[in-house]
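Peer 1: need the 3D shape of this:
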Amino acid sequence: MTTMFTADTTFESAWGADSAGRATGGALRLLDHGTVEGRAAWEAVWRRAGQGEVFAHPDYCADRALPGERALCAAMEFPDGALIIYPFLVRAITHDAAGAPVAEGLWDIYTPLVYGGPLGHDASGAQVEEFWCAMRAWARHHSVVSEIIRFTPIARHRLPYPGTLRRQAPHVVIDLEGGEEGILARMRKSARRLYRRALDAGVTVRIENSEAGIEDFLAIHDETMTRAGAYERFRLRPEDLRALHRAVPEHLFYVFACQDGRPVAVEVVLRRGDSSHAYLGGTLTAALRTGATTVVSIAAAVEAQRRGSREHVLGGGVTNTIDDSLLEFKRSLAREGDRDYFTGEQVFLEDEYERLCAPVPSQGSSFFPLYRARAAVTRHLPGQEPGRPDAPARGTDQR
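Peer 2: Numbers count the residues shown, from 1 in each chain. As a prediction, this is how the structure comes out:
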């Protein structure tokens with residue numbers, strides 16, 4: 001049986017300096033969602049430095065942990081009041097690249113879906129550097145071999161990263177300047193025609209802010225996920241949504257497209273400060289040809305702009321390829337919406353990483369961490385690149 005990961009709750013650092021060469025004096029704390037004190041402290045630092053990012057909330061991260069994984073948040077506070085937080089999941093490394101069992105006591109870390117990475121409140125470049133020095137030291141001390149981060153495509157939300165940034169297939173972001181008129185003007189003509197035709201045919205929009213939207217959402221979401229052949233772990237449960245409402249009630253809302261008063265397409269929107277994210281949704285099979293998916297996507301963007309967002313993130317495709325059909329649908333909603341999407345890769349224990357990967361030549365593979373490539377092949381969503389689990393957000397409109 002794999003042993004439980006244990007970590008110091010504090011890890012003092014003496015690295016880093018400001019532009020004048022003075023030590024900045026931060027101390028790294030590891031906050032564990034599995035303890036009452038750790039969860040409370042995590043939420044407190046999230047309120048200060050999390051910028052409303054739902055993907056960094058302690059309850060969201062803990063809910064995405066698989067059995068045996070641990071939800072932790074590294075937090076470094078500085079004497080001048082600056083604060084950096086970094087939520088992640090810790091998982092045991094049980095097999096090497098060839099699938100052979102390895103001795104217990106090695107771990108790696110990753111950020112839960114959809115986006116992750118450190119978040120900072122008033123942090124300078126020197127303080128970010130100090131944070132990473134302390135984080136690397138902590139990782140090595142606790143036999144953490146590597147990490148992988150999925151960074152947001154909104155560049156201003158990304159802190160500097162000392163590891164490898166690997167560009168993946170683009171993600172799509174709708175520029176919300178100009179409200180509905182501006183959004184429609186930046187759509188492809190075919191998508192704009194479909195949107196207007198659907199409205200003319202009687203498709204209407206309903207916005208729901210409360211738990212009252214859960215039942216209608218799940219009916220559409222479940223049918224969509226069944227049609228896509230998605231694994232159970234990618235399905236939202238009623239308790240998942242209720243937990244989100246309890247934790248961040250001001251950060252999410254539902255947008256429904258309705259026909260004859262009946263919801264046929266839906267999108268759950270998560271808000272982060274002056275941006276928003278199309279988290280999950282779906283379309284009933286019978287409504288795929290009606291344009292309801294396009295209506296709900298544009299209505300969500302318009303509502304996000306009304307609530308103060310500058311950009312609305314649609315995410316990427318299912319396969320992490322440029323010709324992905326879901327990605328193509330999202331591009332139709334924003335002609336110039338492609339944004340760089342990076343994964344961050346960092347090896348903390350080089351010798352251990354090489355040993356784990358040695359049984360199987362890389363042969364130019366970009367999969368990271370390579371020692372997990374074999375296991376990931378049997379776990380990815382149908383048609384999805386192993387290790388890039390972006391769950392399908394909606395059924396593609398069929399024109």
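Peer 1: could you look up the SS state of the residue positioned nearest the centre of the chain?
Peer 2: By CA atoms, centre = their mean, the chain has its centre lying nearest to Val114, at 1.5 Å. Classification of Val114 by DSSP: H, G, I helix; E, B strand; the rest coil places it in coil.
Peer 1: got the contact list for the nearest residue to it once chain neighbours are set aside?
Peer 2: Distances taken as CB to CB, 6 or more residues apart in numbering put Phe55 closest to Val114, at 6.1 Å, once the chain neighbours are dropped. For the C-beta atoms, the positions are set from N, CA and C on the backbone; glycine is no exception. When the contact criterion is CB atoms under 8 Å, 6 or more residues apart in numbering, the partners of Phe55 are 61, 87, 111-116, 270.
Peer 1: max-length helix in the protein?
Peer 2: helix 125-141 (DSSP state H).
Peer 1: check which residues of it are buried.
Peer 2: 126-139 (16 or more other CB atoms under 10 Å).
Peer 1: immediately after it, which helix or strand?
Peer 2: Per DSSP states H and E, helix 125-141 leads on to strand 144-150 as the next helix or strand towards the C-terminus.
Peer 1: who does that next one pair up with?
Peer 2: strand 107-110 (parallel), strand 342-347 (antiparallel) (DSSP bridges).
Peer 1: and the next element down the chain from that strand?
Peer 2: Downstream of strand 144-150, the next assigned helix or strand under DSSP H and E is strand 164-167.
Peer 1: by contact count, what packs against whatever helix or strand comes next after that next one?
Peer 2: Where DSSP H and E defines the elements, the next helix or strand beyond strand 164-167 is strand 171-175. Using 3 or more CB pairs under 8 Å, 6 or more residues apart in numbering; DSSP states H and E, the elements in contact with strand 171-175 are helix 179-185, strand 311-315, helix 325-332, strand 338-339.
Peer 1: how about those, which one is nearest Val205?
Peer 2: helix 179-185 (11.3 Å; CB to CB).
Peer 1: just the closest of the contacts of Phe55 to Leu176, please.
Peer 2: Leu270 (15.1 Å).
Peer 1: what about that closest one, distance to Phe55?
Peer 2: 8 Å (CB to CB, to the nearest Å).
Peer 1: swap in Arg186?
Peer 2: 26 Å.
Peer 1: and for Cys61, the neighbour number?
Peer 2: Residues contacting Cys61 under the criterion other CB atoms under 10 Å number 24.
Peer 1: just Pro263 next, same as before
Peer 2: 24.
Peer 1: so it makes contact with Arg206?
Peer 2: Yes. Using CB atoms under 8 Å, Pro263 is in contact with Arg206, at 7.0 Å.
Peer 1: how about His245, what does it touch?
Peer 2: Contacts of His245 (CB under 8 Å, 6+ apart): 210-211, 252.
Peer 1: same thing but at 10 Å, please
Peer 2: 209-211, 213-214, 251-252 (CB atoms under 10 Å, 6 or more residues apart in numbering).
Peer 1: which stretch of helix or strand covers it?
Peer 2: With DSSP H and E as the test, His245 turns up in helix 238-247.
Peer 1: C-terminal to that helix, what's the next element?
Peer 2: Next element after helix 238-247 (DSSP H and E): strand 252-259.
Peer 1: which other helices and strands does that following strand contact?
Peer 2: Judged by 3 or more CB pairs under 10 Å, 6 or more residues apart in numbering; DSSP states H and E, the packing partners of strand 252-259 are helix 189-200, strand 204-208, helix 214-228, helix 238-247, strand 262-272, strand 275-283, helix 292-306.
Peer 1: model confidence over it, on average?
Peer 2: Taken as a whole, strand 252-259 has a mean pLDDT of 97.
Peer 1: what distance do you get for Gln259 to Arg289?
Peer 2: In terms of CB to CB, Gln259 sits 12 Å off from Arg289.
Peer 1: got a pLDDT number for the residue nearest to Arg64 when sequence neighbours are not counted?
Peer 2: Nearest residue to Arg64 in three dimensions, chain neighbours excluded: Pro112, at 3.7 Å (CB to CB, 6+ apart). What the model reports as pLDDT for Pro112 is 93.
Peer 1: so what's Pro112 up against?
Peer 2: 55-56, 60-66, 69, 71, 87-89, 150.
Peer 1: now His251
Peer 2: 52-54, 57, 244-245, 269-273, 276-277.
Peer 1: out of those, what pair is the most spread apart?
Peer 2: Most distant of these, by CB to CB, are His245 and Gly273, 19.4 Å apart.
Peer 1: quick revisit: nearest to Gly26, out of the helices and strands packed on strand 252-259?
Peer 2: strand 262-272 (24.5 Å).
Peer 1: kindly export that closest one (C-alpha atoms) in PDB.
Peer 2: Below are the C-alpha coordinates for strand 262-272, written out as PDB (Å, rounded to 0.1, in the frame of the first residue of the first chain):
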ATOM      1  CA  ARG A 262     -37.300  24.100 -22.000                       C
ATOM      2  CA  PRO A 263     -33.500  24.200 -21.400                       C
ATOM      3  CA  VAL A 264     -31.700  22.500 -24.200                       C
ATOM      4  CA  ALA A 265     -28.100  23.900 -23.900                       C
ATOM      5  CA  VAL A 266     -26.200  25.200 -20.900                       C
ATOM      6  CA  GLU A 267     -23.000  26.700 -19.800                       C
ATOM      7  CA  VAL A 268     -21.600  27.200 -16.300                       C
ATOM      8  CA  VAL A 269     -19.500  30.300 -16.000                       C
ATOM      9  CA  LEU A 270     -16.800  30.900 -13.400                       C
ATOM     10  CA  ARG A 271     -15.700  34.500 -12.800                       C
ATOM     11  CA  ARG A 272     -12.200  35.600 -11.800                       C
END
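Peer 1: that strand pairs with which strands, parallel or anti?
Peer 2: Per DSSP bridges, strand 262-272 is paired in its sheet with strand 252-259 (antiparallel), strand 275-283 (antiparallel).
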